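# Here's a sequence, model it:
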Amino acid sequence: MSSSDQFLVDELRSRLKRRRGDIFRYLDGLFYEDCRRILECVSELDRDNLFLRNPSSLPDYAQHVARPMYWELIQRKLQRYEYRAAADFMADMRAVVNNCYLYNGIQAPASKLARAMEILMEDRFVTELRAAPVPPAEVKKACTGMSSADSREILRIYALYEGLEVSSMTGNANIQLRTAKSATLRRMLEYARSSAEHREKKAKLRRAAKVSRVSDRRRQAMVGAHAAVMQQDADVQFHHDAEPRLEQVPQNAQAAISMMEEVSPIRIEEEGEWFDDGDFEESSQV
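Below you'll find the model as predicted:
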């Protein structure tokens with residue numbers, strides 16, 4: 001490649017790099033504009049500025065909330081361009097309302113305002129930040145097989161976020177998931193998953209307790225059997241046997257020992273034949 005061609009290639013790469021940077025800055029600017037617009041829209045509902053400043057000075061706040069979040073802090077993070085992803089911004093916005101529920105309780109007046117803000121922000125997350133909506137089919141699947149208590153809680157969440165009276169939904173209530181708000185679906189799915197995890201933990205504990213009881217029974221049975229064997233061994237008494245004595249009967253009387261004739265171990269060989277001593281005497285008489 002000639003020097004002129006190399007210069008053109010380098011120039012093209014430099015232009016593409018600058019263009020890419022311009023696109024990123026433009027998209028990044030759009031992202032922050034969307035975040036500021038959502039923050040402004042949601043915070044307008046907070047007319048009394050309940051969530052404007054740091055709430056850490058409230059009595060016992062640190063005992064209920066681990067990470068305080070408020071509008072001024074989110075605004076500063078937007079000004080400093082500290083949000084690198086939409087998920088980070090959404091997490092801070094959700095933390096504002098979640099902290100309110102933790103500190104005040106779900107039925108408090110402040111929580112009612114927080115719920116209205118939550119409903120608005122979740123819809124804006126989907127429409128402006130292109131957040132993935134919660135599929136109704138996933139919520140339905142997660143709620144399948146629930147206990148009666150969990151089903152009642154799901155019904156309460158649905159009525160609370162859809163603005164319905166729980167008392168009017170007793171009996172065979174019909175929950176319309178396809179028309180439910182984004183916040184409603186998200187809270188229902190969140191509770192269903194949490195309930196499933198709780199049931200699974202309880203089931204594991206029950207299985208572990210059952211195995212432990214079976215092991216204890218087996219161990220106790222083995223200990224009992226061993227103790228019984230040891231008791232049987234303790235009942236056995238060993239006595240030193242006296243030397244056996246024969247009964248005084250004729251067949252047990254000591255018999256006289258007859259004298260046996262000695263046999264000479266010497267053998268004399270003559271002309272290839274063996275002769276015993278007796279044979280030798282007979283042959284000498286002939």
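
# all contacts plus neighbour counts: C-alpha atoms, from now on.
Noted.

# Now for residue 161: which residues touch it?
115, 119, 181, 183, 184 (CA atoms under 8 Å, 6 or more residues apart in numbering).

# what about the third one, how many neighbours?
Same thing as residue 181. 18 (other CA atoms under 10 Å).

# ok, which pair from the contacts of residue 161 is furthest apart?
115 and 181 (12.1 Å; CA to CA).

# quick one: the helices in the stretch 1-150 of the chain?
With DSSP state H, counting those that start in this stretch as the criterion, the stretch 1-150 of the chain has helices at 3-43, 61-64, 71-79, 86-104, 109-128, 136-143, 148-162.

# just checking, residue 211 is part of a strand?
No: according to DSSP: H, G, I helix; E, B strand; the rest coil, residue 211 belongs to no strand; its state is helix.

# For it, give its distance to residue 198.
20 Å (CA to CA, to the nearest Å).

# rewinding a little: as JSON lines, the contacts of residue 161 with distance to residue 71 would be great.
Listed next are the contacts of residue 161 as JSON lines, based on distance: CA to CA, whole Å:
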{"residue": "115", "distance to residue 71": "16"}
{"residue": "119", "distance to residue 71": "17"}
{"residue": "181", "distance to residue 71": "24"}
{"residue": "183", "distance to residue 71": "20"}
{"residue": "184", "distance to residue 71": "23"}
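
# okay, and the helix or strand of this protein with the least pLDDT?
Ranked by mean pLDDT, DSSP states H and E, the helix or strand of the chain with the weakest confidence is strand 268-270, at a mean of 45.

# mind checking the SS state of the most centrally placed residue in the chain?
The centroid of the chain falls nearest to residue 201 when counting by CA atoms, centre = their mean (7.7 Å). Here residue 201 is recorded as helix under three-state DSSP.

# For it, give me the pLDDT.
Note on residue 201: pLDDT of 82.

# what do you get for residue 213?
Residue 213 is assigned 77 on the pLDDT scale.

# residues of stretch 53-68 that come out buried?
Judged by neighbour count using 16 or more other CA atoms under 10 Å, the buried positions of stretch 53-68 are 55, 61, 65, 68.

# so who does the first one touch?
The neighbours of residue 55, taking CA under 8 Å, 6+ apart as the test, are 61, 68, 70.

# Quick check: closest non-adjacent residue to the first one.
Going back to what we said before, that points to residue 61. residue 103 (6.8 Å; CA to CA, 6 or more residues apart in numbering).

# Show me how this structure divides into domains.
13-132, 133-209 (automatic domain parsing).

# For those domains, give me JSON lines that also has distance to residue 218.
Shown next, in JSON lines, are these (distance: least, CA to CA, whole Å):
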{"stretch": "domain 13-132", "distance to residue 218": "46"}
{"stretch": "domain 133-209", "distance to residue 218": "14"}
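
# For the helices of the stretch 1-150 of the chain, could you give me CSV that also reports distance to residue 216?
Below are these laid out as CSV (distance: least, CA to CA, whole Å):
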stretch, distance to residue 216
helix 3-43, 59
helix 61-64, 41
helix 71-79, 57
helix 86-104, 42
helix 109-128, 50
helix 136-143, 37
helix 148-162, 34
